[in-house]
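Engineer: let me see the structure of the following:
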Amino acid sequence: MTDGTAPPADVRAPGRRRAPRSRARRWLAAGGVAALAAVLGLSLALRSGAAPACAAPPALAAPPAAGVPHEGRATFYDSKGAGGNCSYPAAPANRLYVALGPGEYAAGAACGGYLDVTGPRGTVRVLVMDQCPECADGHLDLSREAFARIADPVQGIVRVSYRAVVDPPLSGPLTFRVKEGSSRWWLAVQVAGHGNPLRAVEVRQAGADGWRPAAREDYNYWLVASGAGPGPYEIRVTDTRGHRVTADGVRLAPGQVQRGTVRMYGRGGVAAKRPPSPTRSPSARPGPTRTAGPVPSAVPSSARPLTEARPLPDAAVAPPAGSSASARGCAG
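Structural biologist: Purely as a prediction, here's the structure:
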């Protein structure tokens, strides 16, 4: 280990010999000739009309496409009641959940959606709740209870087919949880109970003009880094199927689960007439391990019900900026 400073020029490491200067000069000369040849070759290629080859862009991370069948394999694990990388206060009461690999977890974009998974014994519906860092796309790490619904746990790993569920039945209205440490100057909020994965969350101080877009964090909170005021807030939520609702009365009450009165769709929800095409959201950075992500402790909901949401006009929903930009050519 060093202190970061360079040793004096005349100090030599024990057991090492300095290369003869003549050899170093030959290496430098050879390198210069190679570099000159490369430049001349590129110049000739450009003059002749040949373009340098483009590297194919890397695949973007995205949740499983809605309604599209996928083939893969399944294993199982136990979250021990924790809510996984999606930071839910606890695992679902029925303990039917799944962890996805980083590609399909997509930096939290898959959180809160559902998959129907079919194996040798039948089909089970599971909540996307967690990330499996070592899993490739198509590798589902199910809860032990979910795995037992589709196969004999003695097998350990089985071939499966699966698909993302479109508009699964909702158990109730949306819930909101303001993260610990939030204030009028920094706000992070989690939205749950939405059925389909979410596309966008926007926040504004009640009575204020203009919405502040929230950025999705890979631990499934939506962040307004500059804050949104002291609250209460109006929160506008849009899912990947074009459903959009607005809830108001969300208080700046860190750690409390606040239950609203509006559903994402169905009774109390508004759906776009034509759902937008699925877009692929790039992963901002590799997600944390299943146990390393910030998982807030469960806090019983004691907040008053939120006031009835005011549905927005029925309209098609535009994807967030940068999420559906078409690929450009090399010369772009």
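
Engineer: what residues sit buried inside the lengthiest strand in the chain?
Structural biologist: Longest among the strand segments of the chain by residue count, using DSSP state E, is strand 122-131. Within strand 122-131, the residues that qualify as buried are Val124, Arg125, Val126, Leu127, Val128, Met129, Asp130, Gln131, counting by 16 or more other Cβ atoms under 10 Å. For glycine as for every other residue, the C-beta is placed from the backbone atoms N, C-alpha and C.

Engineer: what segments of the stretch 51-200 of the chain are helices?
Structural biologist: All helices of the stretch 51-200 of the chain, identified by DSSP state H, counting those that start in this stretch, fall at 102-105, 144-150.

Engineer: and the longest one, what's its mean pLDDT?
Structural biologist: Meaning helix 144-150. Helix 144-150 shows a mean pLDDT of 98.

Engineer: try stretch 211-226
Structural biologist: 98.

Engineer: pipe the buried residues of strand 122-131 into TSV and attach pLDDT per row.
Structural biologist: Shown next, in TSV, are the buried residues of strand 122-131 (pLDDT from 0 to 100):
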residue	pLDDT
Val124	98
Arg125	98
Val126	98
Leu127	98
Val128	98
Met129	98
Asp130	98
Gln131	98
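
Engineer: closest one of the residues you listed to Gly255?
Structural biologist: Comparing the buried residues of strand 122-131 against Gly255 with Cβ to Cβ places Met129 closest, at 19.6 Å.

Engineer: setting aside sequence neighbours, what's the nearest residue to Gln205?
Structural biologist: Spatial nearest neighbour of Gln205, chain neighbours left out: Gly229 (3.6 Å); criterion: Cβ to Cβ, 6 or more residues apart in numbering.

Engineer: now the one you found: how far from His139?
Structural biologist: Gly229 is 43 Å from His139, where distance means Cβ to Cβ, to the nearest Å.

Engineer: straight-line length of stretch 147-162, end to end?
Structural biologist: 13 Å (Cα to Cα, to the nearest Å).

Engineer: buried residues of that stretch, list them for me.
Structural biologist: Using 16+ other Cβ under 10 Å as the test for burial, stretch 147-162 gives Phe147, Arg149, Ile150, Ala151, Val158, Val160, Tyr162.

Engineer: isn't the first one up against Pro153?
Structural biologist: Yes - the pair Phe147 and Pro153 qualifies as a contact (Cβ atoms under 8 Å) at a distance of 5.9 Å.

Engineer: overlap in contacts of these two?
Structural biologist: Residues touching both Phe147 and Pro153 (Cβ atoms under 8 Å, 6 or more residues apart in numbering): Phe76.

Engineer: tell me the one of the buried residues of stretch 147-162 nearest Asn94?
Structural biologist: Asn94 has its nearest neighbour among the buried residues of stretch 147-162 in Arg149, at 10.5 Å by Cβ to Cβ.

Engineer: the closest one contacts Arg121, doesn't it?
Structural biologist: Yes - assessed by Cβ under 8 Å, Arg149 is found in contact with Arg121 at 6.7 Å.
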